[in-house]
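Novice: attaching a predicted model along with its sequence, questions to come.
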Amino acid sequence: MSRASEQAPPVRRSALRRAIARFTALGAQPDEAATASVARRTLLLGGLLMSVGGLIWGAIALSAGRAFASSIPLGYVALTALNYATFARTRDFRRARFVQVFISLALPFLFQWSLGGFESSGVVMLWAMVSIVGALTFSEARETSLWLAVYIALTVISGGIDPYLAAWMDFAPSVAARVGFLVTNVVMVSGIVFGVAIYLNVIRARALRSLERANADNVALNNRLAEEVVERGAQLAELRALQARLGERTEALSRSLAELRATQDELVQREKLAALGQLVAGVAHEVNTPLGVAYTAVTLALERVVALEGALSGAAPSRRQLLELVGGGREALQVAATNAERAASLIANFKRVAVDQASEAEREVELRAYLATVAASLSPLLRGADAELRCEGQPITVLTRPGAIAQVVTNLVQNALLHAFEDDSFRDGRAARVITLRCGPDGEHACIQVVDQGVGMPEELARRVFEPFVTTRRGSGGSGLGMHIVHQQVYEVLGGSLVLDTAPGRGTRVAIRLPLAPRQSAPPAAGN
């Protein structure tokens, strides 16, 4: 046998299976349930098997010369094909089942009557039992009861009219033909009924196996879920313990943060007081010189007064002697007055700045004149550092907190004196140590600029210069709070903003923009 002939049967079986699969897929819904699928396929297969019987009985009736009778089983085949075509298009299962059960119940009785009754047809009405089986399958009890009642009623009617049918239909087959008809009907109907029952049992067995597998999967899934629940419970307990520890740690960190902030605020206040103390020390040193000169001049004048008194109390002094004593006293008093006035000016400027820094009250100030006062109070620091502070700009009046402005300018100047002139060219006097203080209007703001021509800052330091405790001279007395205080005062107290422009070798410029009237402004991140 050739290889092609060996492979032919499987091909034919595969084609048959595909044909059966396409046939049993008629009228299927996209989201069809398993029970509905079995009911639909049972209806299709039952009608198909009865159609085979209809073809057989149609052929038998034609061979017996009963053309009218043959039209009934052949008509059943045609009606079944039409019903299935309609079902494939509409997918209306209830209507398709009703039509199929109806014709499967009515036509066998009509066929039996056309053949002359029970005996001559071999009880062909047995085919109607297939419709009852179809009605019993996946139907409601009330609907099934109605079809059963119709079947019983038609059976009773057939028994009542049976004595008259043989004479009316004039069909009297032989005893052998009658027995053959009866055997054919019993065998085929029994085969169809039991075939449907076997098909349903196969489906039931498959469903049971699927259910057993599903139950086994559910048991395994439940076991896994139980294990996961236990594991999740342990994880939850661990998480709660971790949360408790985290809460304790957070509370401890909150306390530490509060203490750190309090310490930082205290350090900032100390830094402010230290800057003020440094300014006091410089002013005190500066005031000592004119006061010492004034004291010496007053002492000299007193000596001239005593000499004049002695000269007047003795012999008559000469005019020349009197003029010398009076002239010397006048010169001494002039020197004393000049130095006393200088000391008074230093003390007044310092007092004004110190009072403003100690007070947070707002008042109107003419900014250029006020900055000149601050610059004058800083002259002792500048003279000690051999530096010059130049004041430039245009007059502008602002309503602000002048003490904060004095604090900012003082810190910027001190920072420049401490860091800007560290290059050798400044140490040996080749380059002048100059700091420029400018002010003027800037739209709806006033602008203050503090500019030095010093060494500048690298980019990394410039980004962090306004953060607390950032300094390049930690071991030389630098606290790293001076520029942080500048940032804090500008944003939080004055409601302004600042911009730092610096680069290594080209100095540093700090531009401060202040509103002409106070306003609330949230501080941005330090270092802006």
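Specialist: Cool, got the structure. Residues are numbered from 1 along each chain as shown.
Novice: from Cys447, how far out is Leu148?
Specialist: In this view, Leu148 and Cys447 are 105 Å apart by CB to CB, to the nearest Å. From N, CA and C alone the C-beta is placed, and that goes for glycine too.
Novice: looking at these two, which has the bigger crowd around it?
Specialist: Taking other CB atoms under 10 Å, Leu148 and Cys447 do not tie; Cys447 has more neighbours (18 against 14).
Novice: tell me the pLDDT of the nearest residue to the more buried one once chain neighbours are set aside.
Specialist: Nearest residue to Cys447 in three dimensions, chain neighbours excluded: Arg513, at 5.5 Å (CB to CB, 6 or more residues apart in numbering). According to the prediction, Arg513 has pLDDT 93.
Novice: residue contacts, Arg513?
Specialist: Asp442, His445, Ala446, Cys447, Gly496, Ser497, Leu498 (CB atoms under 8 Å, 6 or more residues apart in numbering).
Novice: give me the nearest residue to the fifth one, chain neighbours excluded.
Specialist: Put plainly, it is Gly496. With sequence-adjacent residues excluded and distances taken as CB to CB, 6+ apart, Gly496 is closest to Leu514, at 4.2 Å.
Novice: who's the one you found bridged to?
Specialist: With DSSP bridges as the criterion, Leu514 is bridged to Ala446.
Novice: burial check on it, number of neighbours?
Specialist: Other residues lying near Leu514 total 27 when counted by other CB under 10 Å.
Novice: unless I'm mixing things up, it is touching Gly443, no?
Specialist: No. Using CB atoms under 8 Å, Leu514 makes no contact with Gly443, being 11.6 Å away.
Novice: low pLDDT regions in the stretch 51-200 of the chain?
Specialist: Scanning the stretch 51-200 of the chain for pLDDT under 70 picks out 134-139.
Novice: mind jotting down where the helices sit in it?
Specialist: 67-90, 93-114, 118-121, 128-136, 141-169, 175-313 (DSSP state H, counting those that start in this stretch).
Novice: any chance of TSV for those helices, columns distance to Arg40?
Specialist: What follows is those, written out as TSV (distance: least, CB to CB, whole Å):
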stretch	distance to Arg40
helix 67-90	9
helix 93-114	6
helix 118-121	32
helix 128-136	12
helix 141-169	16
helix 175-313	12
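Novice: what residues does stretch 31-41 touch?
Specialist: Contacts to stretch 31-41, defined as CB under 8 Å, 6+ apart, come from residues Thr24, Leu26, Gly27, Ala28, Gln29, Phe93, Arg97, Thr137, Phe138, Leu200, Ile203, Ala207.
Novice: and that stretch, which residues are buried?
Specialist: Neighbour counts over stretch 31-41 (16 or more other CB atoms under 10 Å) mark Val38, Ala39, Arg40, Arg41 as buried.
Novice: quick one: mean pLDDT over that stretch.
Specialist: The pLDDT scores in stretch 31-41 average 81.
Novice: can you dump the C-alpha atoms of it in CSV for me?
Specialist: The C-alpha trace of stretch 31-41 is given here as CSV (Å, rounded to 0.1, in the frame of the first residue of the first chain):
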residue,chain,number,x,y,z
ASP,A,31,-20.0,34.8,25.2
GLU,A,32,-21.9,31.5,25.3
ALA,A,33,-21.9,29.6,28.6
ALA,A,34,-21.0,25.9,28.7
THR,A,35,-24.6,24.8,29.5
ALA,A,36,-26.0,26.8,26.6
SER,A,37,-23.4,25.3,24.3
VAL,A,38,-24.3,21.8,25.2
ALA,A,39,-28.1,22.5,24.7
ARG,A,40,-27.5,24.1,21.3
ARG,A,41,-25.3,21.2,20.1
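Novice: now that stretch: how far from the chain's centre is it?
Specialist: For stretch 31-41, the separation from the chain centroid amounts to 45 Å (computed by CA atoms, centre = their mean, to the nearest Å).
Novice: same deal with stretch 35-42?
Specialist: In terms of CA atoms, centre = their mean, the centre of stretch 35-42 is set 49 Å apart from its chain centre.
Novice: and for stretch 363-378?
Specialist: With CA atoms, centre = their mean as the basis, stretch 363-378 stands 51 Å off its chain's centre.
Novice: use 49 as the first number for this chain going forward.
Specialist: Done: numbering now begins at 49, and the last item shifts to stretch 411-426.
Novice: please put the alpha-carbon coordinates of it into PDB.
Specialist: In PDB, the C-alpha atoms belonging to stretch 411-426 read as follows (Å, rounded to 0.1, in the frame of the first residue of the first chain):
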ATOM      1  CA  ARG A 411      10.300 103.400  59.100                       C
ATOM      2  CA  GLU A 412      10.900 105.400  56.100                       C
ATOM      3  CA  VAL A 413      14.600 106.000  55.300                       C
ATOM      4  CA  GLU A 414      16.500 107.700  52.500                       C
ATOM      5  CA  LEU A 415      18.500 104.700  51.400                       C
ATOM      6  CA  ARG A 416      21.600 106.400  50.100                       C
ATOM      7  CA  ALA A 417      22.000 108.600  53.200                       C
ATOM      8  CA  TYR A 418      21.400 105.600  55.500                       C
ATOM      9  CA  LEU A 419      23.900 103.500  53.700                       C
ATOM     10  CA  ALA A 420      26.400 106.300  54.100                       C
ATOM     11  CA  THR A 421      25.700 106.200  57.900                       C
ATOM     12  CA  VAL A 422      26.300 102.400  57.900                       C
ATOM     13  CA  ALA A 423      29.500 102.900  56.000                       C
ATOM     14  CA  ALA A 424      30.700 105.500  58.500                       C
ATOM     15  CA  SER A 425      30.000 103.100  61.300                       C
ATOM     16  CA  LEU A 426      32.100 100.500  59.500                       C
END
